[in-house]
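>>> Just to be clear, the model below is a prediction. Sequence and coordinates:
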Amino acid sequence: MPVSHYLCIFINVGLGEGSALPVGVPVPWPSATPPTGWLKCNGAAFSAEEYPELAKAYPTNKLPDLRGEFIRGWDDSRGIDTGRSLLSGQAATFIRTALQDYYGYDLNTNVKVGIAFATADSVITVGNPANPKAGNNSDYVPASADNSITGTQRTAEDNFTGAWISMRPRNLSFNYIVRAA
């Protein structure tokens with residue numbers, strides 16, 4: 001679909017000149033080329049003289065680089081994601097997989113199994129499930145460790161390995177663009 005067709009749609013839904021949408025608000029855009037008066041959120045510097053309203057939203061005169069990123073709501077003193085500032089980036093949260101328990105083997109070795117991991121600036125506030133049980137029906141003993149939630153359980157293997165994985169929801173790829181003037 002040509003850019004001119006997208007531009008017509010853009011204008012028809014009220015996102016062109018005189019839009020109620022403020023300058024600097026990121027908008028998903030389904031084309032590689034933004035319409036006239038809009039810029040890609042690709043981390044590029046811009047001129048405050050050329051785009052004075054955009055400079056009010058981004059006083060560093062640099063657009064956020066949203067290529068391959070998700071936008072997350074700012075904590076704003078809620079206590080869910082403390083220590084974050086507006087427009088700050090954050091690395092992925094990694095989750096450690098549990099070890100494999102081999103059927104028929106029962107060494108009854110206590111090991112710590114990580115069930116979540118957070119970066120140093122994150123906060124995890126979760127409770128434990130009622131009466132949790134490990135694989136051999138022994139008690140799961142919750143324990144806290146550096147930025148993680150772990151527990152001790154009996155396992156059938158004492159030389160286990162786990163893996164760190166990052167989680168990503170299903171998604172579609174769009175360009176984020178901002179109205180520049």
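On my side now, so go ahead.
>>> In a helix, K56, correct?
Yes - counting by DSSP: H, G, I helix; E, B strand; the rest coil, K56 falls inside a helix.
>>> and the gap between it and D81?
Distance of K56 to D81, computed by C-beta to C-beta, to the nearest Å: 25 Å. Just so you know, the C-beta spots here come from the backbone N, C-alpha and C atoms, and that holds for glycine as well.
>>> now do Y51
On the measure of C-beta to C-beta, Y51 and D81 end up 30 Å apart.
>>> Looking at the record's assignment, how would you partition the chain?
What automatic domain parsing lists as the domains of the chain is 1-72+171-181, 98-162.
>>> any idea which of those domains scores lowest on pLDDT?
Least confidently modelled of these is domain 98-162, at a mean of 50 by mean pLDDT.
>>> how near is E69 to P28?
In terms of C-beta to C-beta, E69 sits 12 Å off from P28.
>>> Kindly apply the preceding question to S19 instead.
15 Å.
>>> higher neighbour count, those two?
A direct count of neighbours by other C-beta atoms under 10 Å for S19 and P28 places S19 higher, at 16 against 12.
>>> what sits against the nearest residue to Y51 once chain neighbours are set aside?
By the measure of C-beta to C-beta, 6 or more residues apart in numbering, the closest residue to Y51 outside its immediate chain neighbours is A180, 4.9 Å from it. For A180, the contact set (C-beta atoms under 8 Å, 6 or more residues apart in numbering) comprises 23, 37-39, 46, 51, 53-54.
>>> burial of P26, as a residue count?
16.
>>> One more: V23?
19.
>>> What strand or helix carries it?
Of the helices and strands defined by DSSP states H and E, none includes V23.
>>> Y51 contacts V178, doesn't it?
No - in this structure, Y51 is not within contact of V178 by C-beta atoms under 8 Å, at 9.5 Å.
>>> So V25 is in contact with Y176, correct?
No - here V25 lies out of contact with Y176, judged by C-beta under 8 Å, at a distance of 10.0 Å.
>>> what about those two, which has more around it?
Y176 (21 against 13).
>>> Quick check: phi and psi at the more buried one.
phi -90, psi 130 (degrees, to the nearest 10).
>>> Bridge partners for it, pull those for me.
P28 (DSSP bridges).
>>> roughly how far apart are it and T33?
Note on Y176: its distance to T33, by C-beta to C-beta, is 14 Å.
>>> can you check S85 too?
32 Å.
>>> If you count surrounding residues, which of those two has more?
Per other C-beta under 10 Å, whichever of S85 and T33 has more neighbours is T33, with 14 against 7.
>>> secondary structure class for that one?
T33 ends up coil, using three-state DSSP.
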